[in-house]
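Undergrad: Kindly return the folded structure for what I paste below:
(one chain, ligands or ions: 1)
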Amino acid sequence: MVGMGTYAIGNSTGEQRANEIKAIQRGIELGMRLIDTAEVYGHGRSETLVGEAIRDYREDVFLATKLSPEHFGYDDVIKSCEASIQRLGVKFVDLYQLHWPSERIPIQETMRAMEELVATGKTRYVGVSNFNVEQTMQAQESLPKSELVSNQVRYSITSRSIEAELLPFCGKEKIAVIAYSPLDTGNIPISRIPKEMLDKYGMTPAQLMLNWVTYPEPVVAIPKAGRVSHVEENAAAIDARISEADYRALSKRFEK
Ligand SMILES: NC(=O)c1ccc[n+]([C@@H]2O[C@H](COP(=O)([O-])OP(=O)(O)OC[C@H]3O[C@@H](n4cnc5c(N)ncnc54)[C@H](OP(=O)(O)O)[C@@H]3O)[C@@H](O)[C@H]2O)c1
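TA: Reported below is the predicted structural model:
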(Lines give C-alpha, C1' and ligand atoms only; values in the text may rest on other atoms or scores of the structure.)
Protein backbone atom coordinates (compact mmCIF):
# COMPACT_ATOMS: atom_id res chain seq x y z
CA MET A 1 0.00 0.00 0.00
CA VAL A 2 2.98 2.30 0.40
CA GLY A 3 5.30 2.03 -2.58
CA MET A 4 7.93 4.28 -4.09
CA GLY A 5 7.75 7.10 -6.64
CA THR A 6 10.86 7.92 -8.66
CA TYR A 7 10.32 11.37 -10.16
CA ALA A 8 13.62 13.32 -10.36
CA ILE A 9 15.60 10.22 -9.55
CA GLY A 10 18.44 9.15 -11.82
CA ASN A 11 19.58 12.61 -12.89
CA SER A 12 22.72 12.59 -10.76
CA THR A 13 25.98 10.71 -10.86
CA GLY A 14 28.39 9.49 -8.19
CA GLU A 15 27.38 9.37 -4.56
CA GLN A 16 23.87 10.70 -5.02
CA ARG A 17 23.07 8.13 -7.69
CA ALA A 18 24.43 5.37 -5.47
CA ASN A 19 22.25 6.63 -2.61
CA GLU A 20 19.14 6.67 -4.80
CA ILE A 21 19.80 3.06 -5.80
CA LYS A 22 20.38 2.10 -2.17
CA ALA A 23 17.15 3.85 -1.13
CA ILE A 24 15.08 1.88 -3.66
CA GLN A 25 16.73 -1.40 -2.68
CA ARG A 26 16.16 -0.71 1.00
CA GLY A 27 12.50 0.03 0.27
CA ILE A 28 12.11 -3.29 -1.55
CA GLU A 29 13.76 -5.13 1.35
CA LEU A 30 11.25 -3.46 3.67
CA GLY A 31 8.31 -4.61 1.54
CA MET A 32 7.61 -1.53 -0.61
CA ARG A 33 6.83 -3.55 -3.70
CA LEU A 34 5.14 -0.99 -5.92
CA ILE A 35 7.69 1.12 -7.80
CA ASP A 36 6.43 3.84 -10.11
CA THR A 37 8.40 5.54 -12.87
CA ALA A 38 7.68 7.09 -16.29
CA GLU A 39 9.34 7.36 -19.69
CA VAL A 40 9.32 11.15 -19.31
CA TYR A 41 11.16 11.27 -15.96
CA GLY A 42 14.64 12.55 -16.79
CA HIS A 43 14.02 11.48 -20.43
CA GLY A 44 14.30 7.82 -19.41
CA ARG A 45 16.99 8.23 -16.73
CA SER A 46 14.58 7.37 -13.93
CA GLU A 47 13.65 4.09 -15.67
CA THR A 48 17.32 3.30 -16.24
CA LEU A 49 18.12 3.84 -12.55
CA VAL A 50 15.09 1.83 -11.41
CA GLY A 51 16.22 -0.98 -13.73
CA GLU A 52 19.65 -0.95 -12.14
CA ALA A 53 18.21 -0.91 -8.63
CA ILE A 54 15.80 -3.83 -9.17
CA ARG A 55 18.13 -6.08 -11.15
CA ASP A 56 18.39 -8.63 -8.32
CA TYR A 57 14.85 -8.04 -7.03
CA ARG A 58 12.61 -8.29 -10.12
CA GLU A 59 10.30 -10.92 -8.67
CA ASP A 60 9.75 -8.90 -5.48
CA VAL A 61 8.63 -5.81 -7.33
CA PHE A 62 5.36 -4.63 -8.88
CA LEU A 63 6.81 -2.41 -11.58
CA ALA A 64 4.73 0.47 -12.94
CA THR A 65 5.72 2.93 -15.66
CA LYS A 66 3.91 5.53 -17.70
CA LEU A 67 3.53 6.50 -21.34
CA SER A 68 3.42 10.17 -22.42
CA PRO A 69 0.46 11.51 -24.46
CA GLU A 70 2.60 12.35 -27.50
CA HIS A 71 3.10 8.57 -27.86
CA PHE A 72 -0.58 7.56 -27.70
CA GLY A 73 -0.80 6.60 -31.41
CA TYR A 74 -1.03 2.80 -31.89
CA ASP A 75 2.52 2.17 -33.18
CA ASP A 76 4.06 4.65 -30.73
CA VAL A 77 2.44 2.92 -27.75
CA ILE A 78 4.06 -0.38 -28.73
CA LYS A 79 7.44 1.27 -29.41
CA SER A 80 7.38 3.28 -26.15
CA CYS A 81 6.57 0.23 -24.07
CA GLU A 82 9.40 -1.74 -25.66
CA ALA A 83 11.80 1.16 -25.03
CA SER A 84 10.73 1.39 -21.36
CA ILE A 85 11.15 -2.38 -20.96
CA GLN A 86 14.62 -2.10 -22.41
CA ARG A 87 15.66 0.78 -20.12
CA LEU A 88 14.23 -1.08 -17.14
CA GLY A 89 16.10 -4.23 -18.16
CA VAL A 90 13.04 -6.46 -17.66
CA LYS A 91 10.93 -8.77 -19.82
CA PHE A 92 7.64 -7.03 -18.99
CA VAL A 93 6.18 -4.36 -16.75
CA ASP A 94 3.39 -5.05 -14.28
CA LEU A 95 1.43 -1.87 -14.88
CA TYR A 96 1.52 0.38 -17.94
CA GLN A 97 -0.25 3.70 -17.42
CA LEU A 98 -1.34 6.56 -19.69
CA HIS A 99 0.39 9.51 -17.99
CA TRP A 100 -2.18 12.19 -18.93
CA PRO A 101 -5.29 12.21 -21.10
CA SER A 102 -4.70 13.17 -24.73
CA GLU A 103 -6.88 15.66 -26.56
CA ARG A 104 -5.41 14.63 -29.89
CA ILE A 105 -5.51 10.85 -30.10
CA PRO A 106 -8.76 8.94 -29.52
CA ILE A 107 -8.58 6.81 -26.39
CA GLN A 108 -9.93 3.82 -28.38
CA GLU A 109 -6.78 3.77 -30.55
CA THR A 110 -4.46 3.99 -27.53
CA MET A 111 -6.31 1.30 -25.62
CA ARG A 112 -6.28 -1.03 -28.65
CA ALA A 113 -2.49 -0.88 -28.43
CA MET A 114 -2.57 -1.35 -24.65
CA GLU A 115 -4.62 -4.53 -25.16
CA GLU A 116 -2.05 -5.74 -27.66
CA LEU A 117 0.65 -5.19 -25.01
CA VAL A 118 -1.36 -7.27 -22.55
CA ALA A 119 -1.90 -9.99 -25.17
CA THR A 120 1.82 -10.15 -25.96
CA GLY A 121 2.81 -10.17 -22.29
CA LYS A 122 4.61 -6.79 -22.34
CA THR A 123 2.42 -5.52 -19.51
CA ARG A 124 0.26 -7.41 -17.05
CA TYR A 125 -2.15 -4.57 -16.32
CA VAL A 126 -3.39 -1.29 -17.80
CA GLY A 127 -3.84 1.93 -15.84
CA VAL A 128 -4.34 5.65 -16.38
CA SER A 129 -3.16 8.78 -14.61
CA ASN A 130 -4.68 12.24 -14.18
CA PHE A 131 -8.00 11.07 -15.67
CA ASN A 132 -11.27 12.53 -14.34
CA VAL A 133 -14.38 10.38 -13.87
CA GLU A 134 -15.63 10.82 -17.41
CA GLN A 135 -12.22 10.09 -18.93
CA THR A 136 -11.83 7.05 -16.66
CA MET A 137 -15.18 5.70 -17.82
CA GLN A 138 -14.17 6.19 -21.46
CA ALA A 139 -10.88 4.41 -20.76
CA GLN A 140 -12.75 1.48 -19.19
CA GLU A 141 -15.14 1.27 -22.13
CA SER A 142 -12.23 1.27 -24.58
CA LEU A 143 -10.79 -1.91 -23.04
CA PRO A 144 -13.17 -4.69 -24.05
CA LYS A 145 -10.71 -7.49 -23.23
CA SER A 146 -8.85 -6.08 -20.20
CA GLU A 147 -9.69 -4.40 -16.99
CA LEU A 148 -8.65 -0.87 -16.10
CA VAL A 149 -6.98 -1.45 -12.74
CA SER A 150 -5.78 1.98 -11.58
CA ASN A 151 -5.85 5.75 -11.86
CA GLN A 152 -2.79 7.62 -10.56
CA VAL A 153 -3.76 11.07 -9.30
CA ARG A 154 -2.58 13.71 -6.89
CA TYR A 155 -3.88 13.03 -3.40
CA SER A 156 -2.68 14.01 0.05
CA ILE A 157 -4.12 15.49 3.21
CA THR A 158 -3.49 18.94 1.73
CA SER A 159 -4.68 18.10 -1.83
CA ARG A 160 -8.20 16.75 -1.70
CA SER A 161 -9.97 17.50 -4.98
CA ILE A 162 -10.51 13.82 -5.88
CA GLU A 163 -12.75 13.30 -2.86
CA ALA A 164 -15.80 14.89 -4.50
CA GLU A 165 -16.18 12.47 -7.41
CA LEU A 166 -13.17 10.43 -8.48
CA LEU A 167 -12.40 8.69 -5.20
CA PRO A 168 -15.95 7.37 -4.65
CA PHE A 169 -16.18 6.41 -8.33
CA CYS A 170 -12.93 4.41 -8.19
CA GLY A 171 -14.03 2.78 -4.94
CA LYS A 172 -17.29 1.67 -6.55
CA GLU A 173 -15.58 0.44 -9.74
CA LYS A 174 -12.74 -1.31 -7.85
CA ILE A 175 -10.12 0.83 -9.59
CA ALA A 176 -7.05 1.43 -7.43
CA VAL A 177 -6.22 5.07 -6.78
CA ILE A 178 -2.46 5.48 -6.81
CA ALA A 179 -1.89 8.66 -4.79
CA TYR A 180 0.99 10.70 -6.15
CA SER A 181 2.66 13.52 -4.19
CA PRO A 182 1.21 11.97 -0.99
CA LEU A 183 3.69 14.07 1.05
CA ASP A 184 2.70 17.20 -0.88
CA THR A 185 6.07 17.06 -2.70
CA GLY A 186 7.87 17.35 0.63
CA ASN A 187 5.89 20.32 2.00
CA ILE A 188 4.86 18.46 5.12
CA PRO A 189 2.45 20.65 7.11
CA ILE A 190 4.15 19.91 10.42
CA SER A 191 2.61 22.76 12.39
CA ARG A 192 -0.97 21.73 11.43
CA ILE A 193 -0.62 18.11 12.52
CA PRO A 194 -1.72 17.65 16.15
CA LYS A 195 1.25 16.68 18.29
CA GLU A 196 -0.90 14.58 20.60
CA MET A 197 -1.85 12.38 17.64
CA LEU A 198 1.80 11.90 16.66
CA ASP A 199 2.61 10.98 20.24
CA LYS A 200 -0.37 8.65 20.53
CA TYR A 201 0.76 6.56 17.56
CA GLY A 202 4.50 7.19 17.80
CA MET A 203 4.46 8.45 14.20
CA THR A 204 6.33 11.19 12.40
CA PRO A 205 4.31 13.79 10.43
CA ALA A 206 5.21 12.06 7.15
CA GLN A 207 4.08 8.70 8.50
CA LEU A 208 0.78 10.15 9.66
CA MET A 209 0.24 11.68 6.21
CA LEU A 210 0.85 8.31 4.54
CA ASN A 211 -1.32 6.53 7.09
CA TRP A 212 -4.11 9.02 6.43
CA VAL A 213 -3.89 8.94 2.63
CA THR A 214 -4.06 5.14 2.44
CA TYR A 215 -7.01 4.92 4.82
CA PRO A 216 -9.78 4.82 2.15
CA GLU A 217 -9.88 1.40 0.58
CA PRO A 218 -8.94 2.05 -3.05
CA VAL A 219 -5.88 4.19 -2.23
CA VAL A 220 -2.22 3.19 -2.34
CA ALA A 221 0.56 5.77 -2.12
CA ILE A 222 3.88 6.27 -3.89
CA PRO A 223 5.99 8.73 -1.87
CA LYS A 224 9.28 9.55 -3.50
CA ALA A 225 12.34 9.36 -1.27
CA GLY A 226 15.90 9.68 -2.44
CA ARG A 227 17.30 9.04 1.04
CA VAL A 228 17.47 5.73 2.86
CA SER A 229 16.32 7.34 6.13
CA HIS A 230 13.15 8.66 4.45
CA VAL A 231 12.46 5.31 2.83
CA GLU A 232 12.77 3.55 6.18
CA GLU A 233 10.39 6.07 7.73
CA ASN A 234 7.86 5.67 4.91
CA ALA A 235 8.07 1.88 4.95
CA ALA A 236 6.97 1.88 8.60
CA ALA A 237 4.13 4.36 8.03
CA ILE A 238 1.32 1.79 8.07
CA ASP A 239 2.73 -0.66 10.61
CA ALA A 240 -0.16 0.54 12.78
CA ARG A 241 -3.40 2.14 11.59
CA ILE A 242 -4.92 5.29 13.01
CA SER A 243 -8.45 4.91 14.42
CA GLU A 244 -11.49 5.90 12.39
CA ALA A 245 -12.18 8.74 14.83
CA ASP A 246 -8.67 10.13 14.36
CA TYR A 247 -8.92 9.66 10.59
CA ARG A 248 -12.11 11.72 10.58
CA ALA A 249 -10.68 14.37 12.90
CA LEU A 250 -7.60 14.81 10.71
CA SER A 251 -9.72 14.92 7.54
CA LYS A 252 -11.81 17.70 9.03
CA ARG A 253 -8.83 19.66 10.29
CA PHE A 254 -7.35 19.80 6.78
CA GLU A 255 -10.60 20.42 4.93
CA LYS A 256 -9.71 23.99 4.06
N1 LIG B 1 1.24 10.80 -12.54
C2 LIG B 1 1.69 12.03 -12.38
O3 LIG B 1 1.35 12.97 -13.13
C4 LIG B 1 2.64 12.30 -11.27
C5 LIG B 1 2.93 13.62 -10.88
C6 LIG B 1 3.80 13.81 -9.79
C7 LIG B 1 4.37 12.72 -9.17
N8 LIG B 1 4.10 11.44 -9.60
C9 LIG B 1 4.69 10.23 -8.95
O10 LIG B 1 4.46 10.30 -7.54
C11 LIG B 1 5.72 10.23 -6.86
C12 LIG B 1 5.66 10.97 -5.56
O13 LIG B 1 5.29 12.31 -5.72
P14 LIG B 1 6.32 13.52 -5.58
O15 LIG B 1 7.70 13.06 -5.86
O16 LIG B 1 5.75 14.61 -6.43
O17 LIG B 1 6.13 14.02 -4.08
P18 LIG B 1 6.08 13.36 -2.63
O19 LIG B 1 6.30 11.90 -2.68
O20 LIG B 1 4.85 13.88 -2.00
O21 LIG B 1 7.30 14.10 -1.91
C22 LIG B 1 8.63 13.83 -2.21
C23 LIG B 1 9.51 14.71 -1.33
O24 LIG B 1 9.27 14.35 0.04
C25 LIG B 1 10.51 14.06 0.67
N26 LIG B 1 10.27 12.95 1.62
C27 LIG B 1 10.09 11.65 1.35
N28 LIG B 1 9.90 10.95 2.47
C29 LIG B 1 9.97 11.84 3.50
C30 LIG B 1 9.87 11.71 4.89
N31 LIG B 1 9.64 10.52 5.47
N32 LIG B 1 10.01 12.83 5.65
C33 LIG B 1 10.24 14.04 5.08
N34 LIG B 1 10.33 14.20 3.75
C35 LIG B 1 10.21 13.12 2.95
C36 LIG B 1 11.45 13.64 -0.42
O37 LIG B 1 12.79 13.93 -0.01
P38 LIG B 1 14.08 13.03 -0.43
O39 LIG B 1 13.93 12.71 -1.89
O40 LIG B 1 15.20 13.90 -0.08
O41 LIG B 1 14.05 11.76 0.40
C42 LIG B 1 10.98 14.53 -1.57
O43 LIG B 1 11.57 15.81 -1.47
C44 LIG B 1 6.70 10.78 -7.89
O45 LIG B 1 8.02 10.47 -7.58
C46 LIG B 1 6.18 10.12 -9.15
O47 LIG B 1 6.56 8.75 -9.22
C48 LIG B 1 3.23 11.23 -10.62
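
Undergrad: May I have the secondary structure class of residue 44?
TA: The three-state label for residue 44, taken from DSSP: H, G, I helix; E, B strand; the rest coil, comes out as helix.

Undergrad: Is it correct that it is in contact with residue 85?
TA: No: applying C-beta atoms under 8 Å, one finds residue 44 not in contact with residue 85, separated by 11.8 Å. All C-beta atoms are positioned from the backbone trio N, CA, C, and that covers glycine.

Undergrad: Spit out the contact partners of whatever residue of the chain ends up closest to the ligand.
TA: Closest approach of the chain to the ligand (C-beta to the nearest ligand atom) occurs at residue 5, with a separation of 2.2 Å. Applying C-beta atoms under 8 Å, 6 or more residues apart in numbering, we find residue 5 in contact with 36, 180, 222, 223, 224.

Undergrad: So between residue 44 and residue 85, which is more surrounded?
TA: Residue environment comparison for residue 44 versus residue 85 gives the larger neighbour count to residue 85, 21 against 18, counting by other C-beta atoms under 10 Å.

Undergrad: Secondary structure element holding the more buried one?
TA: In this structure, residue 85 sits in helix 74-88 according to DSSP states H and E.

Undergrad: on that earlier part again, what about the contacts of residue 5, which are in strands?
TA: In strands, defined here by DSSP state E, the members of the contacts of residue 5 are 36, 180.

Undergrad: Intersect the contacts of residue 5 with the contacts of the ligand.
TA: Counting by C-beta under 6 Å from any ligand atom, 36, 180, 222, 223, 224 from these sit close to the ligand.

Undergrad: from the residues you listed, which two are the most distant?
TA: The most widely separated members of those are 36 and 223, with 10.2 Å between them, by C-beta to C-beta.

Undergrad: joint contacts of the two?
TA: Here residue 36 and residue 223 have 4, 5 as joint contacts, going by C-beta under 8 Å, 6+ apart.

Undergrad: Can you pull the residues of this protein lying near the ligand?
TA: So far as C-beta under 6 Å from any ligand atom goes, the chain lies against the ligand at 5-7, 36, 99, 129-130, 152, 180-186, 188, 206, 222-227, 230, 233-234.

Undergrad: Now a ChimeraX select for only the buried ones of those residues.
TA: This is the ChimeraX syntax for the buried subset of those, where burial follows 16 or more other C-beta atoms under 10 Å:
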select :5,6,7,36,99,129,130,152,180,181,182,183,188,206,222,223,224,225,226,230,233,234
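
Undergrad: Please flag which of the residues of the chain next to the ligand sit within strands.
TA: 5, 36, 129, 152, 180.

Undergrad: list the contacts for the closest residue to residue 67 other than its chain neighbours?
TA: Among residues not flanking residue 67 along the chain, residue 80 sits closest, at 5.1 Å (C-beta to C-beta, 6 or more residues apart in numbering). If a contact means C-beta under 8 Å, 6+ apart, then residue 80 has 39, 67, 68, 71 as its contacts.
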